[in-house]
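Asker: This is a predicted model, with the sequence first.
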Amino acid sequence: MLKPKSRNPSKSLDGIDLTRVVDMGDSDRVVIFLHGLFGTPGHWQEVMQSLSSQYRVIAPQLPIDHQPERRRNGMESVADLSGIVAQFIESLGLESFVLCGNSLGGLLAIDLCVRNPNYAEGLVLAGSAGLFERSPIRGLKPRPSKDFVRTTVQGILHDHSYVTDELVDHWHAAVHDRDYVRFLLRVSRATRDRNVEKELDQLDLPTMIIWGSDDEITPPSTGKDFQRLIQGSRLEFIDGCGHAPNWERPAAFTKLLEDFLPSCFASS
């Protein structure tokens, strides 16, 4: 199992617990991985391990997981969360990096790049929010059943073997916290309200779009829309894959990154 580590293990930074940041590799070529609403740094595990011999790979735990007092200490807008990510990146003192985001993480990466021209060397979007997304928590009510939780998670992943009893139990316990459910609904609304369609033509950096061919949350047509709206972007589909290709098909995902990343750092 991938072990979180930090180069500043006793510190935290405005919402990001630095003891829960996964940081591997020693290259000056850096890739930052941003997970989605129900994601964790662990969902990048195999991808990061494969790339760590060539790149420094970093994945923070975003402050959207289940924690006490999360609703009161949570975000009101996507900009709130991307601002926290920007402060985290600044704290690392990096000279160049590529942003790679899944779902909400993709939207955060886009938000950072459109607000800050020349911010990143490259951009990778996987099942990104920002254009169209079927909310993975539609119908969520206080104290949902385990069957509801299982069905919700199955809607994210094409291969239901990933939906273990342990995973269902974990999320069932989390969504029995009413404050956390209110927080999730607020994040979902903020994600829905942050539409980037009219801003994507501002992006002027190498962009790879990786989509699951069986994504039910952001359908394949949404990946095609991103490609159409981001000049010069490249779109690749992974067959037999849902909304989190980095987690569900890590080998295929890694191969696409290995082909794409060198072009991002070519002039660095």
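Answerer: Structure received.

Asker: Please count neighbours and contacts with C-alpha atoms only from this point.
Answerer: Fine.

Asker: how about the helices of this structure, start to end?
Answerer: Applying DSSP state H to the chain gives helices spanning 45-51, 78-92, 104-115, 146-154, 165-174, 178-193, 220-229, 245-248, 250-264.

Asker: contact partners of the third one?
Answerer: Put plainly, it is helix 104-115. Here helix 104-115 makes contact (Cα atoms under 8 Å, 6 or more residues apart in numbering) with 33-37, 78-79, 81-82, 86, 99-101, 119-120, 123-130, 191, 196, 199-200, 202-203.

Asker: How about the shortest one?
Answerer: For helix 245-248, contacts defined as Cα under 8 Å, 6+ apart pick out 43-47, 102, 126-127, 157, 159, 162, 210-212, 238, 241-242, 253-254.

Asker: Quickly compare the helices of the chain and say which is most buried.
Answerer: Comparing the helices of the chain on average neighbours per residue, with mean count of other Cα atoms under 10 Å, the densest one is helix 245-248 at a mean of 26.

Asker: List buried members of the contacts of helix 104-115 by neighbour count.
Answerer: With burial judged by 16 or more other Cα atoms under 10 Å, the buried subset of these is 33-37, 78-79, 81-82, 99-101, 119-120, 123-130, 191, 196, 200, 203.

Asker: what residue ranges in this structure are flagged as low confidence?
Answerer: Filtered on pLDDT under 70, the chain yields the residue ranges 1-15, 71-74, 136-142, 268.

Asker: Return the subset of the contacts of helix 245-248 lying in strands.
Answerer: Among these, the members falling in strands (DSSP state E) are Asn102, Ala126, Ile210, Trp211, Gly212, Ile238.

Asker: Can I get the buried part of those as one PyMOL selection?
Answerer: Buried subset of the ones in strands among the contacts of helix 245-248, written as a PyMOL selection, criterion 16+ other Cα under 10 Å:
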select buried, resi 102+126+210+211+212+238
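
Asker: which of the ones in strands among the contacts of helix 245-248 lies closest to His170?
Answerer: Here the nearest of those to His170, counting by Cα to Cα, is Asn102; it sits at 20.8 Å.

Asker: so what's that closest one closest to, chain neighbours aside?
Answerer: Nearest residue to Asn102, sequence neighbours excluded (Cα to Cα, 6 or more residues apart in numbering): Ala126, at 4.6 Å.

Asker: beta partners for that neighbour?
Answerer: Under the criterion DSSP bridges, Ala126 forms beta bridges with Asn102, Ile210.

Asker: For it, list the residues it contacts.
Answerer: Going by Cα under 8 Å, 6+ apart, the list of residues near Ala126 reads Cys100, Gly101, Asn102, Ser103, Gly106, Ile209, Ile210, Trp211, His243, Ala244, Pro245, Asn246.

Asker: switch the cut-off to 7 Å
Answerer: Taking Cα atoms under 7 Å, 6 or more residues apart in numbering, we find Ala126 in contact with Gly101, Asn102, Ser103, Gly106, Ile209, Ile210, Trp211.

Asker: What of Val153?
Answerer: Counting by Cα under 7 Å, 6+ apart, Val153 touches Val163.

Asker: what about it, distance to Pro68?
Answerer: With distances taken as Cα to Cα, to the nearest Å, Val153 is found 23 Å from Pro68.

Asker: swap in Ala120?
Answerer: To Pro68, Ala120 is 33 Å away according to Cα to Cα.

Asker: Equivalent analysis for Glu95, please.
Answerer: Counting by Cα to Cα - Glu95 and Pro68 are separated by 35 Å.

Asker: do Phe265 as well
Answerer: According to Cα to Cα, Phe265 stands 40 Å off from Pro68.

Asker: Please identify which of those two sits among more neighbours.
Answerer: The residue with more neighbours, out of Phe265 and Pro68, is Phe265; 17 against 11, by other Cα atoms under 10 Å.

Asker: still on that earlier bit, just put the ones in strands among the contacts of helix 245-248 in a markdown table and tack on distance to Leu51.
Answerer: Shown next, in a markdown table, are the ones in strands among the contacts of helix 245-248 (distance: Cα to Cα, whole Å):
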| residue | distance to Leu51 |
| --- | --- |
| Asn102 | 17 |
| Ala126 | 17 |
| Ile210 | 17 |
| Trp211 | 20 |
| Gly212 | 21 |
| Ile238 | 19 |
